[in-house]
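1. sequence unknown, structure follows:
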Ligand code: BG6
């Protein structure tokens, strides 16, 4: 069966500044740099963000490889902690400006569209320590100022901008489930941070609309969407799945696209006494500054059942899992160690949801991928990783993307996480995701079988399944 894609479809991959560049020449530490300084044991094999994939030094050779595997678009992010010297005054770091200029030019020289994101979990540590990071509306304004600097510096060449990557992970990781520094567990703060992230995105978009002079320029947000499927058709499970959808998906989708939060969600937060502090002026900024384009990161769905935690046993005053519980559906394949459920049809469900409930906004799969540990197991005698499992994974997901497009959903691209095996937060290099492998000791990079495969797909704008 031949699966075909619309003309000009984006074939690409995504990374982020903090996960690829390495810390070289940065004046500021972001929260992950800082966390690694104070607690290296929190990171797999004690490998931190210092060198990452050495992209700061090797971007020219790396981009040449990305061209070789046929990618026509690549996302990365500009690190606030690299671009700005005085975080409050907004003075620029010359080396940061030079680096991102050179990087963008190199992408363009190689015929690769640079897709630029501005926040990928990497708030400068100083802003956390002085002001509480995303808890603070002053920091929200500083972010909008940083965004404005980026639009002015690079907007002549960058057409596709994104404000945040997966803001929900900041809420969950930093403020609820304690998997990202500062490891806070505070439901009320988490709710405020969610709101502040939405506001920061809208304020950055407001700046974009003021300063952008590129007629092709557009701006969006990247959200990790997790369709929430109830465990059974019992009313309590269905109700729980409804809340999970509101909390995990609609909390960011609705204000980003419709300019307002879902009332069903704010009513619950209000009733529970944890609703964020907002002003009418801020709500107007959110209403007036919705996105042009949406990025959807999809890895696994959300399987939901009624909460098993009794509200009285909660260790803090308020947690969203008062209303729902997520559970793992075990269908992982033998060769996938990350353990996430593989359910490609969810991408079709997302496509239809965007078509029917979100103005059929143009969107793309901004991340999808398979984290495999000890991938050297599939090294062949020529030194190439034969990752047929990844090819199969991508084919299955792309099939449902194409079905969504056939049904009228406005999807214009697919990006794998990630082009070159990159540093993955506390998991460091345990799970490999790329089209290209990276030996972290020698920094030797080698195209995997999937890299050669994607070149054929990109060239043909189609594949056989
Ligand atoms: C996404 C993030 O959530 O998943 C990436 O945007 C991340 O930054 C990717 O690396 C894979 O997850 P992990 O935890 O294996 O790195």
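-> Alright, I've got the coordinates. All values reported here derive from a predicted model rather than from experimental measurement.
2. all contacts plus neighbour counts: C-alpha atoms, from now on.
-> Fine.
3. where do the helices sit along the stretch 1-150 of the chain?
-> Using DSSP state H, counting those that start in this stretch, the helices of the stretch 1-150 of the chain run over 17-20, 31-38, 55-68, 80-83, 94-109, 125-131, 137-154.
4. Residue 224 is nearest to which of those?
-> Judged by C-alpha to C-alpha, the one of these that comes nearest to residue 224 is helix 17-20, at 17.6 Å.
5. list the helices and strands that closest one packs on?
-> Packing partners of helix 17-20 (3 or more C-alpha pairs under 8 Å, 6 or more residues apart in numbering; DSSP states H and E): strand 73-77.
6. So which bits of this protein are right by the ligand?
-> Remark: the part of the chain in contact with the ligand comprises 371, 424, 425, 431, using C-alpha under 6 Å from any ligand atom.
7. wait, what's in contact with the third one?
-> Okay, so that is residue 425. Contact analysis of residue 425 by C-alpha atoms under 8 Å, 6 or more residues apart in numbering lists 19, 32, 43, 48, 49.
8. Quick check: nearest residue in space to the third one, chain neighbours excluded?
-> Spelled out, it's residue 43. residue 426 (4.3 Å; C-alpha to C-alpha, 6 or more residues apart in numbering).
9. can you tell me how far that neighbour sits from residue 45?
-> To residue 45, residue 426 is 9 Å away according to C-alpha to C-alpha, to the nearest Å.
10. quick one: which of these two has more around it?
-> Using other C-alpha atoms under 10 Å, the more surrounded residue of residue 426 and residue 45 is residue 426, with 21 against 13.
11. Surely the residue nearest to residue 43 touches residue 41?
-> No: judged on C-alpha atoms under 8 Å, residue 426 makes no contact with residue 41 at a distance of 9.3 Å.
12. quick one: contacts for residue 51?
-> Contacts for residue 51 (C-alpha under 8 Å, 6+ apart) come out as 21, 22, 23, 24.
13. Let's see that with 7 Å instead.
-> Each residue near residue 51 by C-alpha atoms under 7 Å, 6 or more residues apart in numbering is listed here: 22, 23.
14. and if you look at residue 200?
-> Listed by C-alpha under 7 Å, 6+ apart, the contact partners of residue 200 are 140, 143, 144.
15. one more time with 10 Å, if that's ok
-> Residues in contact with residue 200 (C-alpha atoms under 10 Å, 6 or more residues apart in numbering) are 134, 137, 139-144, 147, 163-164, 194, 206, 285-286.
16. Need the per-residue pLDDT for the closest residue to residue 272 other than its chain neighbours.
-> With C-alpha to C-alpha, 6+ apart as the criterion, residue 272 has its nearest non-adjacent residue at 7.9 Å, and that residue is residue 318. Here the pLDDT value assigned to residue 318 is 90.
17. Residue 318 contacts residue 175, correct?
-> No: Residue 318 is beyond contact range of residue 175, at 11.6 Å (criterion: C-alpha atoms under 10 Å).
18. ok, and the helix or strand in this protein with the lowest average confidence?
-> In the chain, the helix or strand scored least confidently by mean pLDDT, DSSP states H and E is strand 325-327, which has a mean of 91.
19. circling back: pick out whichever of the residues of the chain next to the ligand sits closest to the ligand.
-> Closest approach to the ligand among those (C-alpha to the nearest ligand atom): residue 424, at 3.7 Å.
20. partner residues bridging the closest one?
-> Beta-bridge pairing for residue 424 (DSSP bridges): residue 428.
21. thought it was touching residue 17?
-> No: using C-alpha under 10 Å as the test, residue 424 is too far from residue 17 to be in contact (11.6 Å).
22. circling back to that earlier point, what touches both of residue 426 and residue 41?
-> Common neighbours of residue 426 and residue 41 (C-alpha under 10 Å, 6+ apart) are 47, 48.
23. Would you point out the most distant pair within the contacts of residue 425?
-> Most distant of those, by C-alpha to C-alpha, are 19 and 43, 13.3 Å apart.
24. my read: residue 352 touches residue 405, true?
-> Yes: with contact defined as C-alpha under 10 Å, residue 352 reaches residue 405; the gap is 9.1 Å.
25. Looks like residue 49 contacts residue 16 (just checking).
-> No: counting by C-alpha under 10 Å, residue 49 does not reach residue 16; the two are 11.7 Å apart.
26. re earlier: common neighbours of residue 424 and residue 17, please.
-> With C-alpha under 10 Å, 6+ apart, residue 424 and residue 17 have common neighbours residue 52.
27. So, low pLDDT: which residues of the stretch 301-450 of the chain?
-> Filtered on pLDDT under 70, the stretch 301-450 of the chain yields the residue ranges 309-316, 331-338.
28. Going along the chain, name the helices of it.
-> According to DSSP H, counting those that start in this stretch, the helices that the stretch 301-450 of the chain contains are 346-357, 388-406, 449-460.
29. Wasn't residue 226 part of a strand?
-> No: assessed with DSSP: H, G, I helix; E, B strand; the rest coil, residue 226 is coil; it does not lie in a strand.
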